[in-house]
Each structure stands twice: as C-alpha cells, then as structure tokens.
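> show me how the following folds:
(chains A and B)
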Amino acid sequence: AQSVTQLDSQVPVFEEAPVELRCNYSSSVSVYLFWYVQYPNQGLQLLLKYLSGSTLVKGINGFEAEFNKSQTSFHLRKPSVHISDTAEYFCAVVKTGNQFYFGTGTSLTVIP
Amino acid sequence: EAGVTQSPTHLIKTRGQQATLRCSPISGHTSVYWYQQALGLGLQFLLWYDEGEERNRGNFPPRFSGRQFPNYSSELNVNALELEDSALYLCASSPAGWDRGRTEAFFGQGTRLTVV
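Down below sits the predicted model:
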C-alpha cells in the first residue's frame, strides 16, 4: 500500500509568488513526517520534520509545513519563492521500525 | 562529524556485468537504506538494513542484493546489469529506534551508475 502520495509531479511558479507542494499519507502509518529537498546532481537534504507537538513546522530556507491529522496531509508552503528554490522536493514518512518511505517527488520550477 | 559517504561517485559498466556500490553511514547510525533514482521515476526503495540484518526490500528482482557489515557500512550489488539499471543510487542512514529528536534519514551524494 502506498504510504505517501505527492499529488503534483511538477509545479511551475513565478519568482516571489507563494507555493504549496501537497503531500498526503496513509492513515495506517505512524505520524512522523518529513520534507526533503534535492538540488540538481546532489543528495537529499532535510527541509523540516514533524515528530510531535505544534502542527505548524518551520524549516530552512523559509519553508514551513502543516500537519493535518484529519486530512492526513502534510503540505509544504513558502510565501515567496526564489530562483534558488528550483529543485525536487520529497515528502517522507517513518513507519514502525524506523523505515523511511518517500513520495515520488515534486519538481518545483521557479520562473524568473 | 562526517556525513554519509558513498563510493564511487560515478560508475560505468557494460550490460551483463556486476556493479558494487558502497556506503558508510554516519557514526552511530545502525540503519542503512538504499534507493534507486532513475530519470523521471522519483525515489524507489531498494533495501533497508538495520543491525546487520535485511529488514525489508522493495519491488526489485533478486539480482539486486546487498549486505551490512559489523561496522554498519553497507554495499549494494547489482548482477547481470541491464540498461535500465542506469540511475543515481542513494544511500541514507538513520539512528536506531524511536528517539524522536534524532529520527531523520541523512543522505549521501549518491553513486551515478551508467550501464552501456
């Protein structure tokens, strides 16, 4: 069963515009949620994570995400994107036993 | 603190050959994950090792195999290489258990495997 679904494979957005990258997870998994970013020809870097506590999580580079248990979502947002935000973004969950599952990724392209 | 290191960074093999990819986790991490990232296919889960044992494997044929050594480093072996095995292979490590403050996967830079 698919644990993580990233609904948009590609998201183009103009520079300085807001962006939301969507992520939904299956309710059977433990609710440890992550967003990673991958810049071209590099490995993955952690943007932010939700383990417990406040449902609004702030990460690096001005990104934030909100955990919504009722909608089983963990969408990533940024109020104003820059050219340097162009990258691949992956949502991930941790299942019982510490195994990570990743979504298929969303390619964010910031247009000048 | 050294991060996750993978070697080699690039590997070129011909069809039918075998490839061996290596991963050294962050010191103290006992879990190692392998992922295949082929063009346009996102991250495909390959293998998960923890404490020296294979805990789970993804939907890949048996010619993809690996192991984890007592020092928690790991290697991925791909036998009988096919052209479609060309991809970036990423290794990640994480601490064991449910220590929430440390639950995170750290990634290496990957090995770019090209099969010609």
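
> which parts of chain A are strands?
Here chain A has its strands, by DSSP state E, at A:4-5, A:10-14, A:19-21, A:24-25, A:32-38, A:44-50, A:56-58, A:64-68, A:73-78, A:87-95, A:99-102, A:106-111.

> how about TSV for those strands, with mean neighbour count added?
Every C-beta, even on glycine, is put in place using the N, C-alpha and C of the backbone. Below are the strands of chain A laid out as TSV (neighbours: other Cβ atoms under 10 Å in any protein chain shown):
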stretch	mean neighbour count
strand A:4-5	18
strand A:10-14	13
strand A:19-21	19
strand A:24-25	21
strand A:32-38	23
strand A:44-50	20
strand A:56-58	14
strand A:64-68	18
strand A:73-78	21
strand A:87-95	23
strand A:99-102	22
strand A:106-111	17
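
> any residues of chain B in contact with chain A? List them.
B:4, B:31, B:33, B:35, B:41-43, B:45, B:48, B:50, B:55-56, B:90, B:92, B:94, B:96-98, B:100-101, B:103-110 (Cβ under 8 Å from any Cβ of the partner chain).

> of these, grab the buried ones for PyMOL.
Paste this into PyMOL to select the buried members of the residues of chain B next to chain A, with burial taken from 16 or more other Cβ atoms under 10 Å in any protein chain shown:
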select buried, chain B and resi 4+31+33+35+42+43+45+48+50+55+90+92+94+103+104+105+106+107+108+109+110
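
> return the subset of the residues of chain B next to chain A lying in strands.
Within the residues of chain B next to chain A, residues falling in strands by DSSP E are B:31, B:33, B:35, B:43, B:45, B:48, B:50, B:55-56, B:90, B:92, B:94, B:106-107.

> got the confidence number for B:Ala2?
pLDDT for B:Ala2: 79.

> does it count as helix, strand or coil?
Classification of B:Ala2 using DSSP: H, G, I helix; E, B strand; the rest coil returns coil.

> and it, how far from chain A?
14 Å (Cβ to the nearest Cβ, to the nearest Å).

> got it, and B:Phe64?
Distance from B:Phe64 to chain A, counting by Cβ to the nearest Cβ: 17 Å.
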